[in-house]
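[1] Generate a structure from the sequence data that follows.
(one chain, ligands or ions: 1)
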Amino acid sequence: MTNEPIPELGGYDEPSLDKAFAALEQQARSDAARLTGDEATEAYRLQWLGRKQGRLNDVSTRWLKAAPPEAKKSLGQRFNALKATVEQLLEQAAGGGPSDAALAAEAIDITLPGTRRLLGAEHPITRTMNEIVSVFAALGYSVGVGPEVETDFYNFESMNFPPGHPARDTQDTLVIANQDRRPLRDRLLLRTHTSPVQMRTMERQPPPVRIVIPGKVHRNDAQDATHSPIFHQVEGLCVDTNITFSDLKGTLDHAMKALFGSDVKTRFFPSFFPFTEPSADVQISCIFCGGKGCRKCKHSGWIELLGCGMVDPAVFAAVTEERRKIDPSDDAYNPEKITGFAFGMGVERIAMIQHGISDIGHFYSGDMRFLEQFP
Ligand code: DAH
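    Have a look, this model is predicted:
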């Protein structure tokens, strides 16, 4: 610690004062930088701020009091600044605060580039699913969801697949174990399609209904290039007065153009689903060859994309039966008064065509080399 007495002032001119105070500040700082522990800090405090023998007290008596009146102001300012510095140094030492040297070592060079955090991105399945949903949202459709663990009733029976119906075989089902004591209707399974949410929607809400239902579905299918035991669908349902097959065609033709470009054409092929009558498969003109025929469309010029149809009156009957459990006079879904159409599409299939992906497994592999292609 500095022990030498406060020197004589070389003069009261500014340069002399600057020099004298700079020397003191330098001493105060280097003493403070070496402080370790409370005792040393207290000694430092006494040495600089002590009432009787402190160095600042000496400065005050030797320099300030002896100064000619015209120098007092600038001397006083320097004195106060030095005192503030010493107090600050003490505070840092007492609080165990970092020394200037320590601070300098920790200093950040703000001119260096920062650490970039990788931004996440929407999974291509999520993206395509949202895209499909927004096409219908723009037509005034609402969006709904339903449970992935579903009852036999909602998944099959209400959708007009009665027990033992051969159409059940088209959807090889994963069931929850140990439910043999329950009636078939209440047994739980992993839903094989999003169609049961049609029933769940109509149970709760009278027509008009315009809704799309995105979601995950499960089937006991072996994985290959185009199949996965878990995949995604978007279901659609429209029920109102005077809904016709033309409405269905116009809506889906618009949706396909919105998803694949205004050049695509659609065509409707007769098909079968238990819950629609008539039923159709929708094909779009091959987006790879423009309809000329290529490997992707098996040289047919067309790609099969989704199922649809007019809601079967048997479904409305099941809806009415459920609604009458709450209101016995309910007649909201009387097929004499209302009609509807429904459709269901596979999200993976659409995403594969949009991006030219040939193996469905890429979606679930978590391989960054695949995912990074969808920034
Ligand atoms: N649920 C059907 C399936 O998974 C797809 C489907 C077809 C849904 C026709 C519909 C529809 O709503 O009208 O195979």
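[2] Residues of the protein that sit close to the ligand?
    193, 195, 235, 273, 276, 307, 308, 309, 342, 343, 344 (C-beta under 6 Å from any ligand atom). C-betas here are computed from N, CA, C, even on glycine.
[3] one more time with 5 Å, if that's ok
    Residues of the chain lying close to the ligand (C-beta under 5 Å from any ligand atom) are 193, 195, 273, 276, 307, 308, 309, 342, 344.
[4] And those, which of them are buried?
    With neighbours counted by 16 or more other C-beta atoms under 10 Å, those contain buried members at 193, 195, 273, 276, 307, 308, 309, 342, 344.
[5] so residue 278 touches residue 249, yeah?
    No: applying C-beta atoms under 8 Å, one finds residue 278 not in contact with residue 249, separated by 11.8 Å.
[6] what bridges to the closest residue to the ligand within the stretch 251-375 of the chain?
    At 2.4 Å from the ligand, residue 344 is the closest residue in the stretch 251-375 of the chain, using C-beta to the nearest ligand atom. For residue 344, the beta-bridge partners under DSSP bridges are residue 235, residue 307.
[7] in the stretch 51-200 of the chain, which spans are helices?
    55-59, 69-94, 100-106, 124-137, 152-155, 196-204 (DSSP state H, counting those that start in this stretch).
[8] and those helices as a markdown table, adding mean neighbour count and mean pLDDT?
    A markdown table is the format used below for those (neighbours: other C-beta atoms under 10 Å; pLDDT from 0 to 100):
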| stretch | mean neighbour count | mean pLDDT |
| --- | --- | --- |
| helix 55-59 | 19 | 88 |
| helix 69-94 | 16 | 87 |
| helix 100-106 | 10 | 78 |
| helix 124-137 | 19 | 98 |
| helix 152-155 | 22 | 98 |
| helix 196-204 | 22 | 98 |
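[9] So which of these is nearest residue 33?
    helix 100-106 (6.3 Å; C-beta to C-beta).
[10] And the closest one, what does it pack against?
    Helix 100-106 makes packing contacts with helix 14-33 when contacts are defined by 3 or more C-beta pairs under 8 Å, 6 or more residues apart in numbering; DSSP states H and E.
[11] possible to save the residues of the chain next to the ligand as CSV with pLDDT and distance to residue 228?
    Below are the residues of the chain next to the ligand laid out as CSV (pLDDT from 0 to 100; distance: C-beta to C-beta, whole Å):
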residue, pLDDT, distance to residue 228
193, 98, 14
195, 98, 19
273, 97, 21
276, 98, 25
307, 98, 18
308, 98, 22
309, 98, 25
342, 98, 23
344, 98, 16
